[in-house]
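Chemist: After the sequence you'll find the predicted model.
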Amino acid sequence: MPTPINIALIGSKFMGRAHSNAWMSVNKFFDLPRDAMMHTVCAKNAKQTSAFAKKWGWFNSTTNFKDIINNGEIDLVDIGTPNHVHADQAISALEASKHVACEKPLAGTLDEARKMRDAARKAKRKGIQTFVWFNYRRCPAVAFAHQLVQKGKLGKIYHVRAKYLQDWGGPDTPLSWRFDSKLAGSGAHGDLNAHIIDMARFITGDEIVEVSGAVSETFIKQREIITTKKSARKRFGKSTVDDCVLFLTKFKSGAVGSFEATRLATGNQNANQIEINGEKGAIKFDFERMNELQWWDNTLDSSLRGWSRIMCTNAGDHPYIDAYWPPAHLIGYEHGFTSQAADIIRMLAGKKPIVPMPDFEDAYQTQRILHAALISAKKRQAVRMSEVK
Ligand SMILES: NC(=O)c1ccc[n+]([C@@H]2O[C@H](COP(=O)([O-])OP(=O)(O)OC[C@H]3O[C@@H](n4cnc5c(N)ncnc54)[C@H](O)[C@@H]3O)[C@@H](O)[C@H]2O)c1
C-alpha cells in the first residue's frame, strides 16, 4: 500500500478554499497512485483557521508556518498566501526537504523569484519537486489547445493575442495587500498578466525573446482603509500598484504577441482570453466560456472554412475530462485546481502529468517577462529578454 502524501496548506481565504477543495476531492475523481492527506492548515487568525480546518477537513491547524516546516510528517507544503511571503515560506520548506506547490505569481519581485528558483534547483538534486498553480493550463480547452499546437495543427504560429480583463478594482474597492506594491509586487500585471504569459508560453511551446511598447497606469491612487474599529471619519491609504499594464512581444519563432491586464475593464468580470493565429489554423479561448475552444481549420476547402465551437467535454478526446462528467455536463473553475492536484500526486509518485506542469524554473521565466514589461514601461523602450537575468 503506497503511503499517503501529507499536505500542509498555508492560506485559508480565496486560494485556501480552492486548494482545500482540490485536495479534498482529488482522490474521489481521479484514480491515483497515492492519496492526498490533509494534514495541517496554517493562516493568520487562530480562531478562523481552526474553524476552517474543521469545515474543510484538515486534521490540524496552526498560525505559525514554522510548525509545518519543523514537522517531519509533512511531505508537501502548499502556499496560498500573499506574494511577499511566498519566498520565505517556499525556501524554508525546500530547505527542510519538503516538496512545494506555490501560488502564482511565483513572487512579488524578480529578485525573490530568483532566490526561489535557486532553492528549487538545489532541492531538485535531492529529488524534491516544485509546482506552481498556473491552474488555467488544466482547463481541458487550454490543455487541448496545447495538444493541437504540439500536433502541428496550427502550423507556423504568426500571432498571439492575450488579454485578462477584470472589473472589480474600481475606486470603491478598499485597500488590501493586492494594492500595496511592497506586498503584491505589482497590481493587475503580476495578478493577471502572469496567467496569460504562462498560457501563451504553454500553448505555443515558444519563448518570448523581446518585450516592447509597455504602458502601465495607476488610475486610483488612494483607497479606503477598512478597519474593525468604529470611527466617524473614513481613512484612506495609497494604492502603489498598477491598475492596467499592456505590452507587446516577439517570440523565438518570429511570432508576435500582445498582452493586456487590468482590473478596471468595466463589464469584464473574468475575461481571461487568448487567440493564437497560425498558418494552418487558429484558436480562441475565453475563460467565461471555459468548456469551449473556438477552432478555425485553414486546411479545409475555402468554401467550408469557418469558426467551430468545440465543446471540450469528451472523455478520451479532451484532457482530464474522463475524471469528471459525460459530454457537455460542464465543469468549472475549481476543476482546474483538482486536475492540477491530480498531476502533482502523479508526479510525486514518479509518473508524468497529463500536460506539462510549471515548476519554479518555468515560473521564473514568466516572472522575467513580467519584469521586462515593467522596465519597458518605465524606460519607454524595448527590452531584450537576454538583458533580464
Ligand atoms: N491561481 C489563481 O487563479 C489565483 C487566484 C487568486 C489568487 N491567487 C494567488 O494566491 C495567493 C493568495 O491569494 P488569495 O486571493 O487567496 O489571498 P487572500 O488575501 O484571500 O488570503 C491570504 C491568506 O494567507 C494568509 N496569510 C497571510 N500571511 C500569512 C503568513 N505570514 N502566514 C500564514 N498565513 C498567512 C491569510 O491569513 C489568508 O488566509 C496570491 O499569491 C495570489 O496571487 C491565485
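Modeler: That came in fine, so what should we check first?
Chemist: hmm, the strand or helix carrying A377 in reach of the ligand?
Modeler: Using DSSP states H and E, A377 falls within helix 360-379. No. Helix 360-379 is not in contact with the ligand by C-beta under 6 Å from any ligand atom; minimum separation 11.5 Å. All C-beta spots, glycine's among them, are computed from the backbone N, C-alpha and C.
Chemist: Buried residues, that helix. List them.
Modeler: 360, 362-377 (16 or more other C-beta atoms under 10 Å).
Chemist: Now do the contacts for V245.
Modeler: Counting by C-beta atoms under 8 Å, 6 or more residues apart in numbering, V245 touches 186-189, 193, 214-217, 260-262, 373-374, 377.
Chemist: Please compute how far the helix holding A377 lies from its chain's middle.
Modeler: Distance of helix 360-379 from its chain centroid, counting by C-alpha atoms, centre = their mean, to the nearest Å, is 15 Å.
Chemist: now do stretch 345-357
Modeler: Averaged C-alpha coordinates place stretch 345-357 at 17 Å from its chain's average position (C-alpha atoms, centre = their mean).
Chemist: Do a quick rundown of the helices in the stretch 151-300 of the chain.
Modeler: Ranges of helices within the stretch 151-300 of the chain are 181-184, 188, 194-204, based on DSSP state H, counting those that start in this stretch.
Chemist: Can you tell me which of the ones you listed is nearest to the ligand?
Modeler: helix 194-204 (6.8 Å; C-beta to the nearest ligand atom).
Chemist: any idea how far the residue of the stretch 1-150 of the chain found nearest the ligand is from A46?
Modeler: Residue nearest to the ligand within the stretch 1-150 of the chain (C-beta to the nearest ligand atom): K13, separated by 2.8 Å. Shown here: K13 relative to A46, a distance of 15 Å by C-beta to C-beta, to the nearest Å.
Chemist: Mind checking which of the contacts of V245 are buried?
Modeler: For these, buried by 16+ other C-beta under 10 Å: 186-189, 193, 214, 216, 260-262, 373-374, 377.
Chemist: related to what we said a few turns ago, which pLDDT does the model give the residue of the stretch 1-150 of the chain closest to the ligand?
Modeler: On the pLDDT scale, K13 is placed at 98.
Chemist: Tell me how many other residues surround it.
Modeler: 14 (other C-beta atoms under 10 Å).
Chemist: quick one: contacts for it?
Modeler: Contacts of K13 by C-beta under 8 Å, 6+ apart are 43, 80.
Chemist: Same list (the helices of the stretch 151-300 of the chain) but as a markdown table, adding mean pLDDT.
Modeler: Shown next, in a markdown table, are the helices of the stretch 151-300 of the chain (pLDDT from 0 to 100):
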| stretch | mean pLDDT |
| --- | --- |
| helix 181-184 | 98 |
| helix 188 | 98 |
| helix 194-204 | 98 |
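Chemist: Name the stretch among these that sits most buried.
Modeler: When the helices of the stretch 151-300 of the chain are scored by mean count of other C-beta atoms under 10 Å, the highest mean neighbour count falls to helix 188 (a mean of 27).
Chemist: how far out from the middle of the chain is that one?
Modeler: Average the C-alpha atoms of helix 188, do the same for its chain, and the two points are 13 Å apart (C-alpha atoms, centre = their mean).
Chemist: is any part of that helix close to the ligand?
Modeler: No. For helix 188, no contact with the ligand is found by C-beta under 6 Å from any ligand atom; the gap never falls below 11.3 Å.
Chemist: Excluding covalently adjacent residues, which one is nearest to the spatially most central residue of the chain?
Modeler: Ranked by distance to the mean C-alpha position of the chain (C-alpha atoms, centre = their mean), the top residue is F134 at 2.7 Å. Excluding its sequence neighbours, the residue lying closest to F134 (C-beta to C-beta, 6 or more residues apart in numbering) is D198, at 4.3 Å.
Chemist: Now do the contacts for the one you found.
Modeler: Here D198 is in contact with 104, 134, 136-137, 358, 363, 366 (C-beta under 8 Å, 6+ apart).
Chemist: buried residues in the helix or strand hosting K47?
Modeler: Assigned by DSSP H and E, K47 belongs to helix 46-56. The neighbour-count check on helix 46-56 (16+ other C-beta under 10 Å) flags 49-50, 52-53, 56 as buried.
Chemist: try stretch 334-344
Modeler: For stretch 334-344, by 16+ other C-beta under 10 Å, it's 335-344.
Chemist: got it, and stretch 159-175?
Modeler: Buried, per 16+ other C-beta under 10 Å, within stretch 159-175: 160-166, 169, 173, 175.
Chemist: For K163, give the beta-bridge partners.
Modeler: On the basis of DSSP bridges, K163 is bridged to E260, Q273.
Chemist: check contacts around it.
Modeler: Contacts of K163 (C-beta under 8 Å, 6+ apart): 196, 258-261, 271, 273-274.
Chemist: Could you check stretch 286-295 against the ligand for contacts?
Modeler: No. Figure legend: stretch 286-295 not in contact with the ligand (C-beta under 6 Å from any ligand atom); closest approach 10.0 Å.
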